[in-house]
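Trainee: Predicted model and sequence below, questions to follow.
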Amino acid sequence: VSAHHDISQAGIGLQRIVLTAGGQNYTSATVIISPPASGKGVAATGRAVIGTASDGAGGGGPILAIEITSPGSGYAAGELVQITIDGGDAGGDGAAAFGVAETVDPKIVASGNVTFAAGGNIKLVNEVRSIQGAIDIASIDGGIELDDESLLLHAEAGSVRVTSTAGAIALGKVIAETDIAAASLDSFKATQTVVSKAGNITFESRSNDVTLNAVVSAEQGAIAVSAFGDVVSVSGGLSRVDILARGSGYEVDTTSVVIAPPGGSLDGDGNPTGGRDGGRAATGRVIVDQQGRVVGITIVDPGKGYLPGDEVDVEIVGGGAGVEAVGRVDEPVLVLSANNDVVVNAGGSVDLVGTLRSIEGDVSVQSTSGEIQLDDAATLLQALTGDVSITATAGKVAMPQVSAGGGGDVTAKVGVSLKHEVDASLGDISITTTHGDLALANQGASIVADSGSIRLTSDAGKITTPIVLLAAQDIKVASLATLTLNNSIVSKEGDISLRS
């Protein structure tokens, strides 16, 4: 598909499935879709796309998506369709999904390659699938929107490549057999599920930020994330709108929604008031069923500036009455899981909440001009057999929980803080700051090198050791200024050197 200007999907269909829970331990699954409530027509059919266990332990995995193999017929616009996912005797359970019959856009399925090339913007909102080839989406002067909840890019035997040479990229659900690569000049964000079965995954923003609120898995390859600006996992967008009461009397074509701005509200007439500086209100689209009830709201633009935990005012505008809805902002969800290396490089700051895991490689996080903020209790850097390294060339590091099969290395210019456990099974641990302090004594902080040594160094500042400092080999602690020792410092087979 080629266009001098924009490309967008448009049409009418009866095929939208929302996966509300992926479950676990699936090795096979049967998808059963209910027939139309009218009793007339033909039931839709679908098949489950199954992932692997993200902890590297093998066995079954979650349901990643449900592909519609036939849209069926006879459903009414807005009808909610029951879907059953049967894991059989293999033990898979916990997955849940529902279908919504509505006006949607057609899916694109090809035996070979699928290519979109546009001079302007590209927006896709439904399934794009290649059975034996690759999927290539490129814009010269526009942005690329691929984050609609109904969209799935699936290259069953090939790769997926998304390139915007002048704009931004928003990525949703992507599954590929081999490599997945996305590169934008402007901002890049991934918000749903990205899985490569046998290749590598690369995300790049060449002049702006990368935002990750997604589960990203390279089951046999590596993951690399690179940004000219910041790499963050908090986008500030509205996550969802919950319908508390459906109401009645609404019409499909005349019902709209108004969402309050970040930190603001809606007055009695539904007009936005107040709000945080720099925020942008979310927008959405209302889904009305055949009985005139509001059954859902699809977020078109999540906005900017909302905070986790916000309850956002939502007003449904139309001829009906009785509907109640509220906007929610969830905590960010981030998992970068790869068989090989996981690498995050930022020109600016790094602020991530989630898990970065490598099964057979290393985990590396680097900032060349900003700070690295990883100290949320939900953040874990884990290299099951390799090393973990964190480097802030010009800033400070707030360390996460670290678990390394090999060793651990942390280097920061203006200081390092620690509130969690750092453990290396086979290698050494080194934490160094050239111009700041090592503040390592927070409650719950510990540093353990099960088979190696520990080195803590502050070239210009002071050091406060953690509650537990334990190594099999040497422990060396050296500060220019005050050295404060806490509780327990133990070397099983080496020497201990403490110097101010």
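Mentor: That came through fine.

Trainee: Show me what stretch 82-94 is in contact with.
Mentor: Under the criterion Cβ atoms under 8 Å, 6 or more residues apart in numbering, residues 17, 21-34, 46, 48, 60, 63, 66, 95-99 lie in contact with stretch 82-94. C-beta here means a position set from N, CA and C on the backbone, and glycine is covered the same way.

Trainee: Where does pLDDT dip in the stretch 1-150 of the chain?
Mentor: Along the stretch 1-150 of the chain, the model assigns pLDDT under 70 to residues 9-15, 40-41, 54-58, 73-74, 77, 101-106.

Trainee: thinking again about what came up before, report the buried members of the contacts of stretch 82-94.
Mentor: Among the contacts of stretch 82-94, those classed as buried by 16 or more other Cβ atoms under 10 Å are 17, 22-24, 26, 29, 31, 33-34, 46, 48, 60, 63, 66, 95, 97-99.

Trainee: Among the residues you listed, name the ones in strands.
Mentor: 17, 22-24, 31, 33, 46, 48, 63, 66, 95, 97-99 (DSSP state E).

Trainee: closest to Asp387 among these?
Mentor: Gln24 (29.4 Å; Cβ to Cβ).

Trainee: tell me the contacts of Leu380?
Mentor: Leu380 neighbours (Cβ under 8 Å, 6+ apart): Gly354, Thr355, Leu356, Arg357, Pro400, Gln401, Val402, Ser403.

Trainee: Please repeat the previous calculation with a cut-off of 6 Å.
Mentor: Leu380 sits next to Thr355, Gln401 when contact means Cβ atoms under 6 Å, 6 or more residues apart in numbering.

Trainee: Let me see the confidence value for it.
Mentor: On the pLDDT scale, Leu380 is placed at 94.

Trainee: Look up how far Ala441 lies from the residue most central in space within the chain.
Mentor: By Cα atoms, centre = their mean, the chain has its centre lying nearest to Ala214, at 1.4 Å. Distance, Ala214 to Ala441, by Cβ to Cβ, to the nearest Å: 35 Å.

Trainee: got it, and Leu374?
Mentor: Distance from Leu374 to Ala441, by Cβ to Cβ: 18 Å.

Trainee: The two - which one has more neighbours?
Mentor: More crowded of Leu374 and Ala441, by other Cβ atoms under 10 Å: Leu374, with 24 against 18.

Trainee: what about the residue lying closest to the more buried one once chain neighbours are set aside, neighbour count?
Mentor: Excluding the flanking residues, the one nearest Leu374 by Cβ to Cβ, 6 or more residues apart in numbering is Pro400, at 3.9 Å. When neighbours are counted by other Cβ under 10 Å, Pro400 registers 30.

Trainee: Now that Pro400 has come up, it's in contact with Ile372, right?
Mentor: No. If you go by Cβ atoms under 6 Å, Pro400 and Ile372 don't touch, sitting 9.4 Å apart.

Trainee: mind listing what the residue nearest to Leu374 touches?
Mentor: Leu374, Thr379, Leu381.

Trainee: which ones among the residues you listed are found in strands?
Mentor: Leu381.

Trainee: which among the contacts of Pro400 gets closest to Val286?
Mentor: Thr379 (36.5 Å).

Trainee: Can you name the residues that contact that closest one?
Mentor: Taking Cβ under 6 Å, 6+ apart, we find Thr379 in contact with Val353, Pro400.

Trainee: any chance you could map the strands in the stretch 1-150 of the chain?
Mentor: 2-3, 7-8, 17-24, 30-33, 45-50, 63-70, 80-86, 93-100, 108-110, 114-118, 122-123, 128-130, 135-139, 144-146 (DSSP state E, counting those that start in this stretch).

Trainee: Give me whichever of the ones you listed is most buried.
Mentor: strand 144-146 (a mean of 24; mean count of other Cβ atoms under 10 Å).

Trainee: Just grab the bridge partners of Thr283 for me.
Mentor: Thr283 has these beta-bridge partners by DSSP bridges: Asp301.

Trainee: Val81 now?
Mentor: With DSSP bridges as the rule, Val81 is bridged to Gly99.

Trainee: Might one say that it is in contact with Ala97?
Mentor: No. Using Cβ under 6 Å, Val81 is not in contact with Ala97; the gap is 9.6 Å.

Trainee: where does Thr211 fall, helix, sheet strand or coil?
Mentor: At Thr211 the chain is in strand, as set by DSSP: H, G, I helix; E, B strand; the rest coil.

Trainee: any idea how far it lies from Ala182?
Mentor: Thr211 is 12 Å from Ala182, by Cβ to Cβ.

Trainee: Where do the strands of the stretch 401-500 of the chain begin and end?
Mentor: Here the stretch 401-500 of the chain has its strands, by DSSP E, counting those that start in this stretch, at 401-404, 408-412, 416-418, 421-424, 429-433, 438-439, 446-449, 454-458, 463-464, 468-471, 475-479, 483-484, 488-491, 496-499.

Trainee: Same list (these) but as TSV, adding mean pLDDT and distance to Val160.
Mentor: Output for those, formatted as TSV (pLDDT from 0 to 100; distance: least, Cβ to Cβ, whole Å):
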stretch	mean pLDDT	distance to Val160
strand 401-404	96	31
strand 408-412	96	33
strand 416-418	96	38
strand 421-424	96	36
strand 429-433	97	38
strand 438-439	96	43
strand 446-449	97	41
strand 454-458	98	43
strand 463-464	97	47
strand 468-471	96	45
strand 475-479	97	48
strand 483-484	96	52
strand 488-491	96	50
strand 496-499	97	52
